[in-house]
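[1] fold the following and give me the result.
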Amino acid sequence: MDNDHLIPQQTIDHIKRSIDLVAYIRSRGVKLTKTGKEYKGLCPFHDDKKPSFSVNPTMQLWICFACDVGGDVIKFVQKMDKLSFAEAVHKLSGYSRLHNHKEQPAPKESGSSRLALL
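    Below you'll find the predicted structure:
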């Protein structure tokens, strides 16, 4: 069954915006070196001898010039983990929540409420 149409577009857009593509690809074991405005490395999808894998952090896109494959963070996960679109979105939504969670500071107690407790 094709569940791709069940995923709200705003969820897909949020994942693409909230995940730093360079950091995510590095977290998957791909060594990237900054070259100008882009990052280059060995392609994780084939036996690469010289860097043919390029990541554009501004556009949040990647491409391998040797195997002529590219895309966004969702496509990277699909290819890397051999997942469907829906499975990749599900996996990345968990990653996004984990890595973009900002702890809220505990509310400060006012002096009067502290005294009321004593």
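[2] any idea how far the residue nearest to Lys50 when sequence neighbours are not counted is from Ile19?
    Nearest non-adjacent residue to Lys50, counting by Cβ to Cβ, 6 or more residues apart in numbering: Leu42, 7.9 Å away. Where C-beta positions appear, they are placed from N, C-alpha and C, glycine not excepted. Noted for Leu42: a distance of 21 Å to Ile19, by Cβ to Cβ, to the nearest Å.
[3] could you do Leu92 as well?
    Between Leu92 and Ile19 the computed distance is 6 Å (Cβ to Cβ).
[4] now do Lys40
    From Lys40 to Ile19 the distance is 20 Å (Cβ to Cβ).
[5] ok, the two, which is more surrounded?
    Counted by other Cβ atoms under 10 Å, Lys40 and Ile19 do not tie: Ile19 has more neighbours, with 23 against 17.
[6] how many other residues sit next to the residue lying closest to the more buried one once chain neighbours are set aside?
    In this structure, Ile19 finds its nearest non-sequential neighbour in Val73, 5.1 Å apart by Cβ to Cβ, 6+ apart. Look at Val73: counted by other Cβ under 10 Å, it has 24 neighbours.
[7] ok, now how distant is the residue nearest the centre of the chain from Gly41?
    By Cα atoms, centre = their mean, the chain has its centre lying nearest to Ile19, at 3.6 Å. Distance, Ile19 to Gly41, by Cβ to Cβ: 18 Å.
[8] which regions of the chain sit below the pLDDT cut-off?
    Along the chain, the parts satisfying pLDDT under 70 run over 1-5, 96-118.
[9] so Gly71 makes contact with Gln60?
    No - contact status for Gly71 versus Gln60: not in contact, 10.0 Å apart, counting by Cβ atoms under 8 Å.
[10] between those two, which one's more packed in?
    Per other Cβ under 10 Å, whichever of Gly71 and Gln60 has more neighbours is Gln60, with 16 against 13.
[11] touching, Leu6 and Ala86? I think so.
    Yes - with contact defined as Cβ under 8 Å, Leu6 and Ala86 form a contacting pair (7.4 Å).
[12] the two: who's more crowded?
    Taking other Cβ under 10 Å, Leu6 and Ala86 do not tie; Ala86 has more neighbours (17 against 8).
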